[in-house]
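> got a predicted model here, sequence first, then my questions.
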Amino acid sequence: MKKIISFFLFLSIAFTLPAQTANDVQYKKTSMMIPMRDGIKLYTVILTPVSANQSLPILLVRTPYGASSHLPDDNTVFAIPTAFGYYNMAKDGYIFIFQDIRGKYKSEGSMQIHQPLIHITQKGAIDESTDTWDTIDWLIKNIPNNNGKAGIVGISYPGWLALVGAVDPHPALKASSEEACMSDLFLGDDFHHNGAFRLSYGMEYSYEIEYDHTTDSDFPFPQFDLFDWYMKLGSLKNVNEKYFHGKIPTWNNFVNHPNYDSFWQKNSPLSYVRYPQIPQLNVGGYYDQEDLNGPQLMYAHLEKKDSFNRNHIVLGPWNHGQWSRGKGDSLGKISFESNTSEWFRDLQKKWFDYWLKGLGDGKFEEAYCFQTGTNQWKTYNTWPPKEAVIKNLYAGENHTASFNKPVAATGQVTYTSDPNKPVPYRMPPIEATYGTGSRWRPWHVEDQRFVYTRPDVMSFTTDSLTEDLTVTGAITVHLFASTTGTDADWIVKLIDIYPDMDQKNLLMSNYQLSVAMEAFRGRFRKSFSDPQPLTPNKPEEFVIGLHQINHTFKKGHRIMIQVQSTWFPVIDRNPQKYVPNIFEAKESDYIKADQTIYFSSKYATYVELPIL
């Protein structure tokens with residue numbers, strides 16, 4: 001959701017470029033305060049090409065991150081740099097609009113994170129959909145030389161704004177591309193994953209957005225490595241008692257709504273975005289550290305009622321918004337062997353060129369999903385592909401894994417989970433999420449060997465594969481486990497282990513790449529709305545979705561299933577003693593617990609792999 005990947009990345013580069021030449025793409029900047037139906041005015045930046053010789057469409061980006069950051073004064077002509085995520089569109093001529101949403105930066109009004117659409121049920125109500133409608137209506141009537149067509153696009157929070165802006169759209173709004181768009185803030189995006197609270201991200205982001213609505217505010221941490229700082233923070237109740245003092249509305253919502261109650265349900269786009277009313281391109285990354293789940297869930301939700309073939313999806317080997325910048329040929333130490341981001345930007349141009357300019361044949365595939373491992377773009381008529389066959393990968397004795405179901409009557413392994421000695425989610429130091437030197441963006445592809453030998457991390461590994469194995473679709477874990485406590489977190493990873501001697505790249509030898517991973521808070525095993533304590537020492541089944549992948553485990557590689565119970569501080573510490581609201585837990589509630597993973601004929605832990 002952070003501005004670090006925003007569309008305005010190019011603006012900080014624009015004025016460091018050499019002097020303009022005759023071949024530069026030159027645009028003129030103006031700004032307006034556009035009135036909404038309730039009289040509130042929104043600050044809006046308008047970029048128009050200087051040498052346009054025909055009417056052009058409008059491309060709208062709405063943002064909470066500052067529409068005018070690094071831009072020149074009004075009526076200034078400047079060159080669009082190639083770093084601009086829409087440079088290829090700018091060359092052919094578009095009118096670009098950037099707008100501060102109400103309550104942020106130079107716009108009037110008040111703002112709170114991700115409010116649901118209410119105009120559908122409350123006559124005369126104002127929300128982000130109505131603000132989008134009013135904005136487009138004004139633009140179409142007042143911007144010279146527009147062709148009467150508009151598109152809306154955005155990544156992360158602007159991606160959500162693109163999604164909701166396409167609900168009950170203005171007649172001139174012809175297409176949307178919602179990218180890295182959140183879908184449900186309790187089940188699987190940004191602030192919670194399966195009910196497990198994302199501590200470092202949730203605390204730092206809510207403070208940044210809501211502490212000062214005129215800018216973005218970094219929390220004033222007193223140190224660089226925050227692992228110990230978050231440990232010393234103690235119980236989550238200390239956040240308000242020591243730092244926020246009830247002044248951050250979103251944090252207060254976390255505290256007041258620890259379960260999937262009506263507040264979270266009404267705030268989920270799954271409840272208020274009904275069907276695709278205009279053509280919609282859902283875009284996401286397999287390694288998105290913030291909104292991995294959103295594009296997948298929203299595409300599936302919209303697809304159920306897509307009677308006009310308006311709903312499409314693109315999934316690539318990217319972290320949060322990586323497709324908008326650079327080449328996208330690698331992430332961390334993982335090479336994808338082609339310019340995947342440039343490939344997407346060409347596709348996105350074709351998308352808007354067709355819907356807004358009438359160029360091209362309009363034949364778009366249902367799904368474009370990059371296949372990691374083989375490093376190829378693939379297209380599919382349905383997503384996930386219906387022809388995939390489920391094959392179960394089982395945990396077994398001696399930390400092995402195989403496609404053979406256990407036949408022994410007994411089989412288990414136990415480890416001790418200590419909330420006072422949690423497993424770090426990535427290699428220290430743990431920098432501030434958006435602070436100087438932060439490695440937040442690529443952490444999903446980090447080598448997992450740094451935790452592999454910990455006694456509180458259990459791993460089950462196959463023999464080396466004798467042939468390639470392609471897994472395409474949704475990964476689901478069936479974990480049979482018990483605890484001596486009354487609550488527990490389960491973090492499960494599906495890992496691709498490179499050969500002991502990787503002849504392609506020796507430095508990647510034995511690398512442990514997580515291709516899918518997720519957290520699950522045990523109290524929600526039966527219901528996210530009605531949590532229940534676990535019964536000590538009782539084996540139970542925990543069904544955990546690890547989202548969708550398209551990955552080929554290459555011949556000579558091994559597959560690992562890995563289980564642990566802490567993932568700190570990206571996930572808050574579960575006390576492991578059931579309390580009604582973990583945000584109000586006492587220090588004495590945090591206890592050690594012995595966790596047991598089962599792999600017997602009766603309690604067989606396995607991962608469903610959709611095989612092509």
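Everything's here; your move.
> in the helix or strand hosting Ala150, which residues are buried?
Taking DSSP states H and E as the criterion, the element that holds Ala150 is strand 146-155. For strand 146-155, the neighbour count (16 or more other CB atoms under 10 Å) marks 146-147, 149-155 as buried. The way it works is simple: take the backbone N, C-alpha and C, and place the C-beta from them, glycine included.
> one more: stretch 435-443?
By neighbour count, and taking 16+ other CB under 10 Å as the criterion, the buried residues in stretch 435-443 are 440-443.
> what of stretch 338-345?
When burial is assessed from 16+ other CB under 10 Å, stretch 338-345 yields the following buried residues: 338, 340-341, 343-345.
> these two touch, right, Phe84 and Ala90?
Yes - in terms of CB atoms under 8 Å, Phe84 counts as a neighbour of Ala90; the distance is 6.3 Å.
> so how far is Asp189 from Leu292?
According to CB to CB, to the nearest Å, Leu292 and Asp189 sit 8 Å apart.
> also Tyr105?
For Tyr105, the distance to Asp189 equals 24 Å [CB to CB].
> circling back: and which of the buried residues of stretch 435-443 is nearest Ile46?
Ranking the buried residues of stretch 435-443 by separation from Ile46, with CB to CB as the measure, puts Arg441 on top at 30.9 Å.
> what about that closest one, which SS state?
State at Arg441, reduced to three classes by DSSP: H, G, I helix; E, B strand; the rest coil: coil.
> excluding its backbone neighbours, what's nearest it?
Asn319 (5.0 Å; CB to CB, 6 or more residues apart in numbering).
> how about the contacts made by the one you found?
Under the criterion of CB atoms under 8 Å, 6 or more residues apart in numbering, the contact list for Asn319 reads 285, 287-289, 331, 441-442, 444.
> are any of those residues buried, and if so which?
In the contacts of Asn319, the ones that pass as buried (16+ other CB under 10 Å) are 285, 287-289, 331, 441-442, 444.
> now, which of the residues you listed sits nearest Phe224?
With CB to CB as the yardstick, the closest approach to Phe224 among those comes from Arg441, at 17.2 Å.
> you'd agree that closest one is up against Gln289?
Yes - taking CB under 8 Å as the contact criterion, Arg441 and Gln289 are neighbours in contact, 6.4 Å apart.
> by mean pLDDT, flag the weakest helix or strand of the protein.
For the chain, the helix or strand with the lowest mean confidence is helix 11-14, at a mean of 39 (criterion: mean pLDDT, DSSP states H and E).
> may I see the buried residues of the helix or strand following that helix?
Remark: after helix 11-14, the chain's next helix or strand is strand 26-35, criterion DSSP H and E. Along strand 26-35, these residues count as buried under the neighbour rule (16+ other CB under 10 Å): 27, 29, 31-32, 34.
> show residues contacting strand 26-35.
Contacts of strand 26-35 with the rest of the structure, by CB under 8 Å, 6+ apart, involve 20, 41-51, 68, 71-80, 90, 96, 99, 108, 134-135, 138-139.
> and the contacts of Asn319, which is closest to Ile582?
Out of those, the one with the shortest distance to Ile582 is Gln289. That distance is 22.7 Å, counting by CB to CB.
> could you check how far the spatially most central residue of the chain is from Asp190?
Centre of the chain computed as the mean C-alpha position; nearest residue by CA atoms, centre = their mean is Asp291, 1.0 Å away. With the distance defined as CB to CB, Asp291 ends up 6 Å from Asp190.
> got any ranges where the stretch 251-400 of the chain has weak pLDDT?
Applying pLDDT under 70 to the stretch 251-400 of the chain picks out no residues at all.
> check the gap between the closest residue to Gln26 other than its chain neighbours and Ala83 for me.
The shortest distance from Gln26 to any residue that is not its chain neighbour, by CB to CB, 6+ apart, is 4.5 Å, and that residue is Val50. Here the criterion is CB to CB. By it, Val50 lies 20 Å from Ala83.
> the two: which has the busier surroundings?
A direct count of neighbours by other CB atoms under 10 Å for Val50 and Ala83 places Ala83 higher, at 16 against 11.
> need the helices for the stretch 301-450 of the chain, in chain order.
With DSSP state H, counting those that start in this stretch as the definition, the stretch 301-450 of the chain shows helices at residue ranges 340-352, 449-452.
> closest to Phe583 out of these?
Distances from Phe583 to each of the helices of the stretch 301-450 of the chain were compared using CB to CB; the shortest belongs to helix 449-452, at 26.8 Å.
> what lies in contact with the closest one?
The set of residues external to helix 449-452 that reach it, using CB under 8 Å, 6+ apart, is 423-424, 426-427, 457, 459, 510-512, 562, 564.
> list buried residues within those.
Among the contacts of helix 449-452, those scoring as buried are 423-424, 426, 457, 459, 511-512, 562, 564 (criterion: 16+ other CB under 10 Å).
> which ones among those map onto strands?
457, 459, 512, 562, 564 (DSSP state E).
> for Leu494, see how far away the second one is.
Put plainly, it is Ser459. Remark: distance between Ser459 and Leu494 (CB to CB) = 11 Å.
> picking that back up, may I see the PyMOL selection of the buried members of the contacts of strand 26-35?
Selection of the buried residues among the contacts of strand 26-35 in PyMOL, burial being defined by 16+ other CB under 10 Å:
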select buried, resi 42+43+44+45+46+47+48+49+68+71+78+79+80+90+96+99+134+135+138+139
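> circling back to that earlier point, identify the contacts common to Ser459 and Leu494.
When contacts are counted by CB under 8 Å, 6+ apart, the set common to Ser459 and Leu494 consists of 560-561.
> does the spatially closest residue to Ser324 that is not a sequence neighbour sit in a helix or strand, and which one?
Once its chain neighbours are removed from consideration, Ser324 has its nearest residue in Gly85; the separation is 3.9 Å (CB to CB, 6+ apart). When secondary structure is defined using DSSP H and E, no element contains Gly85, which sits outside every helix and strand.
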